[in-house]
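**Student:** sequence below, structure please.
(chains A and B)
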Amino acid sequence: MIAEYTWLVPFIPMMCFLIIGIIGRKTPEKGGYIAIAGALCSFLIAVAISYEYLTSDAFAAGQPITESIRWFSIGDYTMNLGYYVDGLTCAMMLFSSFISTLIFIYSLGYMHDQGERKNRYYAEVSLFLTGMLGLIVSSNFLELFIFWEVMGLCSYLLIGFWSFRHHDGDAASANAASAAKKAFLVTRMGDVCLMGGLFIFLNLFHTLDYADMFANAGAIAAANPELLTLGLLLMFGGVIGKSAQFPLHDWLPDAMAGPTTVSSLIHAATMVKAGVYLVARAFPIYVMDANVMLFVAIIGGITAFIAATMALNNMNIKKVLAYSTVSQLGYMILALGAGGYLWALGYHELGALGFFAGCFHMINHAFFKALLFMGSGSVIHGTGTEDMRLMGGLFSKMKITAITMLFGCLSIAGIPIFSGFWSKDLVIDVAMAAFNNGTGDAATWFIILWILAVITAFMTAFYMFRMWFMTFMGEPRENAQHCHGESPKTMTMPLVILAVFALISGLFMFFGLGDMLAFQGVAIDGVEHGIELFSNPYTYLTLALAAIGIGIAYLMYVKKSINPGKFNKDGQSWLYNALTKRWWFPDLYNQISWKLGYGVAKGVNYVDRQIVDGTVNGLSSAVVGGGDVLSKVQTGHVQDYSSIVLLGVSVLSVLFLIVAFALGGL
Amino acid sequence: MIPMEYFLILAAILFVIGAYGVLTKSNAIVVLMCIELMLNAANINFITFAAFNYDIVGQAFVIMSISVAAAEVAVGIAILLNAYKIRKTTELDEAELTSMRW
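**Tutor:** As a prediction, the model looks like this:
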């Protein structure tokens, strides 16, 4: 029973974090090898656990393997610590630890020149991995929330990795510091919502254990639907923050200020996947409310579309990838929302398909996005810039990077055989199914979301290939001319491995991934759905749009037969400005934080300084002043004191006599 | 049989003499002695009532009060000696001792 050792999966990276933090400085590569070994161990254990679970009776019966010990209890509420292994856990564990291992190996090359600070880097990424793996194997929401926060902290530390000393100067390090702060604060808004949601769940379910909650979800939904809806919406607030969904998506592009490996880790293996995972994990509760699922789908669709538009004209290679991540996360959320909506209406087969599509896209995205980020890291390593206008013609100099990145681009653009095709078209398929089966306004919403998703697919193909052509084709520009050739083997080896996965991970659905990601026992027949994609006319529509997108990018940036300046009046048009200003979202955040946040802070400051402090200070000075006045009574002459005592005694005696007379004594 | 009033008047006179001494004398040793006078006036009252009421409790209290007085004087003298060592005076109204108040 290796599943009993599931706790080791997050525990090993945590030990690595401690070991690297304490003695990493003395080891070769400042702890890099320890981090790799830790991630690899976690991966191997995850493989063993997954093998055992997937061959067990519990899996055949559609049950999880879960176990927990009591942690503490408050009144009637008991909090547990434990693990919860089901198909989703296995899939998440496997790809997180596998991709993290590759990213850590890649870091050996990419972070090679960072000197002493590598120690900090490896310690923090290990802790980051602890957060993600812990979140995945948790058996209740409290445990999940703790690891969720660990990841928030790590993202803050890693995005701000260059805040002390940046190789591009002080402005860049100030930028890194503010990006880290922004990421932390924006995700914090979501975390507060999530915490509120958990309080409501605790109140409703009297427990936060998955197993108990999922078993009682139906009864609670029948008994108290309004409160459950509120709890689910608040929980989704946490997802909006963590997974960078509209309208809290703007921290993710800024987070590019961190090292590229960190971006890769955040986007592919950890952090933003946590939000999607939370929806997938809480899916049995989410499906109780069709309206919440509709809301989830709308947020996902809008995010996918808006983020894709902003990637269209960005000149920074990493930011294009960042927007594409936000956009793809939108797809996943859309699939989960549409699937949950269908399940809530009673279409269990289609609902499970939505669940599968969301999780499947998350896995595929992890592979090709890690690949793309590491590829861009390799380019940045070679050219020393992130600006695509200074690159170009790198294909001949960096063949491995160029070809592996091409695989990633083909995958994300949704070209058949490549992984992105299968999952993205399933997502779009589910949105269409939700339109066909939805009722009333919801159906209208889903057709809008379907159109947005299809347009997004077109834009994705365009901007990814725009990036690839600008970087690797055409004549070499400024920095590309100084490029010193291909990156070291530690960097290209993970790229090649991931390129293979970007090619084949979509085919997993033909080999049992559908059973693994079954929702409440409703498994997806991967072969059937995979073949069905080719008989669906809409698939050819998205394919045609993707091909047109790639074609336009080719004509614009390689053949130069279409001048991009013609569409945007050479960067003067209103739309172009809106996109470069990211639809004014940073300005909106600034306005909100200055007007609302700072205003509230000033008010609170006033109350604190003037009223709270004023009361305390006034009280203390009144006591001190009164003491000063009264201390004058103390003359220091013993006789004065004794006279007062004698006088007092005399007065008391006289009073006593008077009272005695009055009462008729004596 | 000597009337009870005589004893009580004696005690009252002793007490007033003691109180007068405590209030007027400036030498700390004299003040301590005057306090003893007041205590003993109270003791005489105890004994008087004990004798006239045939109640042994009054005598027992006197023994108690004498032992407390002894202890009190011991503490008083100790404080006084230390004050004298540091301040070089036993005059209660001198600035050396009145400045000990705060």
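
**Student:** point to the helix or strand of chain B where mean pLDDT is at its lowest.
**Tutor:** helix B:95-98 (a mean of 78; mean pLDDT, DSSP states H and E).

**Student:** just the C-alpha atoms of that one, please, in PDB.
**Tutor:** The C-alpha trace of helix B:95-98 is given here as PDB (Å, rounded to 0.1, in the frame of the first residue of the first chain):
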ATOM      1  CA  ALA B  95      14.800  68.700  54.700                       C
ATOM      2  CA  GLU B  96      17.100  65.600  54.800                       C
ATOM      3  CA  LEU B  97      14.200  63.500  56.000                       C
ATOM      4  CA  THR B  98      11.200  65.200  54.600                       C
END
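
**Student:** which strands or helices does that helix pack on?
**Tutor:** Where contact means 3 or more Cβ pairs under 8 Å, 6 or more residues apart in numbering or on different chains; DSSP states H and E, helix B:95-98 is packed against helix B:57-87. All C-beta atoms are positioned from the backbone trio N, CA, C, and that covers glycine.

**Student:** give me the neighbour count for residue 71.
**Tutor:** I went with chain A, as the question did not name one. By other Cβ atoms under 10 Å in any protein chain shown, 13 other residues sit near residue A:71.

**Student:** actually it's chain B I care about, not the one you picked
**Tutor:** 10.

**Student:** before we move on, the earlier item: list the contacts of the least confident helix or strand of chain B.
**Tutor:** A:635-637, B:28, B:83, B:87-89, B:91-92 (Cβ atoms under 8 Å, 6 or more residues apart in numbering or on different chains).

**Student:** most neighbours among the residues you listed, which one is it?
**Tutor:** Result: residue B:28 is most packed of those (other Cβ under 10 Å), 20 neighbours.

**Student:** hang on, it packs against residue B:92?
**Tutor:** Yes - between residue B:28 and residue B:92 a contact is recorded at 5.4 Å, counting by Cβ atoms under 8 Å.

**Student:** any residues in contact with both of those two?
**Tutor:** Shared contacts of residue B:28 and residue B:92, counting by Cβ under 8 Å, 6+ apart, come down to residue A:638.

**Student:** rewinding a little: looking at the contacts of helix B:95-98, which two lie furthest apart in space?
**Tutor:** A:635 and B:88 (21.2 Å; Cβ to Cβ).

**Student:** follow-up on the earlier one: which residues belonging to the least confident helix or strand of chain B are considered buried?
**Tutor:** B:97-98 (16 or more other Cβ atoms under 10 Å in any protein chain shown).

**Student:** so of the contacts of helix B:95-98, which ones are in helices?
**Tutor:** If you go by DSSP state H, those have B:28, B:83, B:87 in helices.

**Student:** tell me the one of these nearest chain A?
**Tutor:** residue B:28 (7.8 Å; Cβ to the nearest Cβ).

**Student:** and that closest one, what does it touch?
**Tutor:** Applying Cβ under 8 Å, 6+ apart, the residues contacting residue B:28 are A:638, B:80, B:83, B:90-92, B:97.

**Student:** spell out which parts of the stretch 501-650 of chain A neighbour chain B.
**Tutor:** A:631, A:634-639, A:642-643, A:646 (Cβ under 8 Å from any Cβ of the partner chain).

**Student:** so among those residues, which ones count as buried?
**Tutor:** The buried subset of these - by 16+ other Cβ under 10 Å - is A:636, A:638-639, A:642.

**Student:** TSV please, covering the residues you listed and showing pLDDT and distance to residue A:142.
**Tutor:** Output for those, formatted as TSV (pLDDT from 0 to 100; distance: Cβ to Cβ, whole Å):
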residue	pLDDT	distance to residue A:142
A:636	78	65
A:638	80	68
A:639	83	72
A:642	86	69
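
**Student:** would you indicate which residues of the helix or strand where residue A:134 lies are buried?
**Tutor:** Secondary structure from DSSP states H and E places residue A:134 in helix A:117-137. By neighbour count on 16+ other Cβ under 10 Å, the buried set for helix A:117-137 is A:118-137.

**Student:** ranking helices and strands of chain A by mean pLDDT, which lands last?
**Tutor:** helix A:478-481 (a mean of 70).

**Student:** can I get that one in PDB, CA atoms only?
**Tutor:** Provided in PDB are the C-alpha atoms of helix A:478-481 (Å, rounded to 0.1, in the frame of the first residue of the first chain):
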ATOM      1  CA  GLU A 478      20.000  44.100 -33.200                       C
ATOM      2  CA  ASN A 479      20.300  41.600 -30.300                       C
ATOM      3  CA  ALA A 480      19.800  38.600 -32.600                       C
ATOM      4  CA  GLN A 481      23.100  39.500 -34.300                       C
END
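
**Student:** from residue A:418, how far out is residue A:591?
**Tutor:** Residue A:591 sits 42 Å away from residue A:418, taking Cβ to Cβ, to the nearest Å as the criterion.

**Student:** ah, wrong one, I meant residue A:358
**Tutor:** Residue A:358 is 19 Å from residue A:418, by Cβ to Cβ.

**Student:** more neighbours: which of these two?
**Tutor:** Between residue A:358 and residue A:418, residue A:358 has the larger neighbour count (other Cβ under 10 Å), namely 29 against 23.

**Student:** what about the helix or strand where the more buried one lies, distance to the chain center?
**Tutor:** For residue A:358, the element it lies in under DSSP H and E is helix A:348-383. Centroid separation between helix A:348-383 and its chain, computed with Cα atoms, centre = their mean, to the nearest Å, is 14 Å.

**Student:** next, the angle from the following helix or strand past that helix to helix A:348-383.
**Tutor:** Tracing the chain past helix A:348-383, the next element assigned as helix or strand by DSSP H and E is helix A:399-413. Orientation of helix A:399-413 against helix A:348-383 (axes from the mean of the first three to the mean of the last three Cα atoms, to 10 degrees) gives an angle of 150 degrees.

**Student:** in what helix or strand does the closest residue to chain B within the stretch 451-600 of chain A lie?
**Tutor:** The minimum distance from the stretch 451-600 of chain A to chain B, using Cβ to the nearest Cβ, falls at residue A:600 (47.5 Å). Using DSSP H and E, residue A:600 falls within helix A:599-606.

**Student:** good, we can wrap up now.
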